[in-house]
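**Q** everything below, folded, please.
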Amino acid sequence: MRAKKSYGQHFLTNEHYARQIAEALQLTDQYQHVLEVGPGQGMLTKHLLDRRDAFHLKVSEADQDMVHYLKVHYPELAPDILEGDFLRQALERVFEGKPFGLVGNFPYNISSQILIKLLDNYHLIPEMVGMFQKEVADRVISDHGSKVYGVIGVLVQSRYSPSLVMNVSRGNFAPPPKVESAVIRLVRREHPLVPDAHYGLFKHVVKSAFGQRRKMLRNSLKSIFPPEVMADLPLFERRPEQVSLHDFADLTERAVPYQA
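**A** Numbers count the residues shown, from 1 in each chain. Here you go, the predicted model:
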């Protein structure tokens, strides 16, 4: 069973790492269900099934060849295989609106879209553990002042606290990817830094700032704030990579009165 480039498949072959990923889900007192994305041939799946006393597992798989493989090799899982594109699934229906953990050796070609879908459904997902291209993982967990600090890291960290579980070299996959990989864990904040009602504005502020990365905020955010507001706050003299997560949240709250 060969990996398909069209699905971004690189199968994890190291049992030790697969077990570590499965065991990195630690908040099972907050949920009784887990959804694995892109199980492929089940290297991670079998270790998740070993924890079936802690949670009920479902898997989402778009590749029909892999769906057939899973049904043959893990027949007990057959009723819990969601066939089709994870990005198109209505997550509130997967476990009838109940919270769940999200896990996977995520396809690298849709990893950023998976993170966006996670954020859009954060009220359902207290915890996520996933394998990403290391470049993406670094962006997600980076702090201000880092060269890789940017939009995706700020958005994720406004709703989740990130941590690095482990780095994984390319030799642990078949076929080996051209990039290094890393597993990260996201734990939902007890209270998001930005309320849901202002999250759309928060995204607008963050994307506007990083859309002109080399410019100071007084230039990149001039369509959001009036000149007199920017003149009174030294923060507007910074470039976006110098602006902390909490400062972006504060900017959003300051921007609320100026939005029609």
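
**Q** pLDDT weak spots in the chain?
**A** Within the chain, the segments meeting pLDDT under 70 span 1-9, 260.

**Q** and with 80 instead?
**A** Within the chain, the ranges that satisfy pLDDT under 80 run 1-10, 175, 260.

**Q** all strands for it, in order.
**A** Here the chain has its strands, by DSSP state E, at 11-12, 33-37, 56-61, 81-83, 101-105, 127-133, 160-168, 173-174, 181-188.

**Q** count of residues packed around residue 175?
**A** 12 (other C-beta atoms under 10 Å). C-beta: built from backbone N, CA, C; applies to glycine.

**Q** isn't it right up against residue 10?
**A** Yes: taking contacts as C-beta atoms under 8 Å, residue 175 lies within contact range of residue 10: 6.4 Å.

**Q** give the contact list for the residue most central in space within the chain.
**A** In the chain, the residue lying closest to the centroid (C-alpha atoms, centre = their mean) is residue 115, at 3.1 Å. Contact analysis of residue 115 by C-beta atoms under 8 Å, 6 or more residues apart in numbering lists 136, 140, 152, 156.

**Q** need these in JSON lines (columns: neighbour count).
**A** Compiled in JSON lines, the contacts of residue 115 are given as follows (neighbours: other C-beta atoms under 10 Å):
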{"residue": "136", "neighbour count": "22"}
{"residue": "140", "neighbour count": "25"}
{"residue": "152", "neighbour count": "20"}
{"residue": "156", "neighbour count": "23"}
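
**Q** what about those, which are in helices?
**A** Secondary structure from DSSP state H places 136, 140, 152, 156 of these in helices.

**Q** residue 111 versus the second one, what's the distance?
**A** Distance, residue 140 to residue 111, using C-beta to C-beta, to the nearest Å: 10 Å.

**Q** what do the two both touch?
**A** Joint contacts of residue 140 and residue 111 (C-beta under 8 Å, 6+ apart) are residue 132.

**Q** quick one: contacts for residue 74?
**A** Counted by C-beta under 8 Å, 6+ apart, residue 74 has contacts 42, 45, 46, 49.

**Q** residue 33 contacts residue 102, correct?
**A** No: checked against C-beta under 8 Å, the pair residue 33 and residue 102 is beyond contact range at 10.1 Å.

**Q** looking at those two, which one has more neighbours?
**A** Shown here are residue 33 and residue 102; by other C-beta under 10 Å, residue 102 has more neighbours (26 against 18).

**Q** can you tell me how far that one is from residue 141?
**A** For residue 102 relative to residue 141 (C-beta to C-beta), the value is 17 Å.

**Q** now swap in residue 181 and tell me
**A** With C-beta to C-beta as the criterion, residue 181 and residue 141 are 14 Å apart.

**Q** these two - which one has more neighbours?
**A** Relative neighbour count places residue 181 above the other of residue 181 and residue 141, with 25 against 20, counting by other C-beta under 10 Å.

**Q** now the more buried one. Nearest residue, chain neighbours left out?
**A** residue 168 (4.3 Å; C-beta to C-beta, 6 or more residues apart in numbering).

**Q** surely the one you found and residue 179 touch.
**A** No: using C-beta under 8 Å, residue 168 makes no contact with residue 179, being 10.7 Å away.

**Q** give the burial count for residue 116, as a bare number.
**A** By other C-beta under 10 Å, 15 other residues sit near residue 116.

**Q** same question, residue 231
**A** Using other C-beta under 10 Å, residue 231 has 11 other residues around it.

**Q** got the contact list for it?
**A** Counting by C-beta under 8 Å, 6+ apart, residue 231 makes contact with nothing.

**Q** ok, it to residue 255 distance?
**A** Where residue 255 is concerned, residue 231 sits at a distance of 15 Å (C-beta to C-beta).

**Q** now residue 45
**A** According to C-beta to C-beta, residue 45 stands 44 Å off from residue 255.
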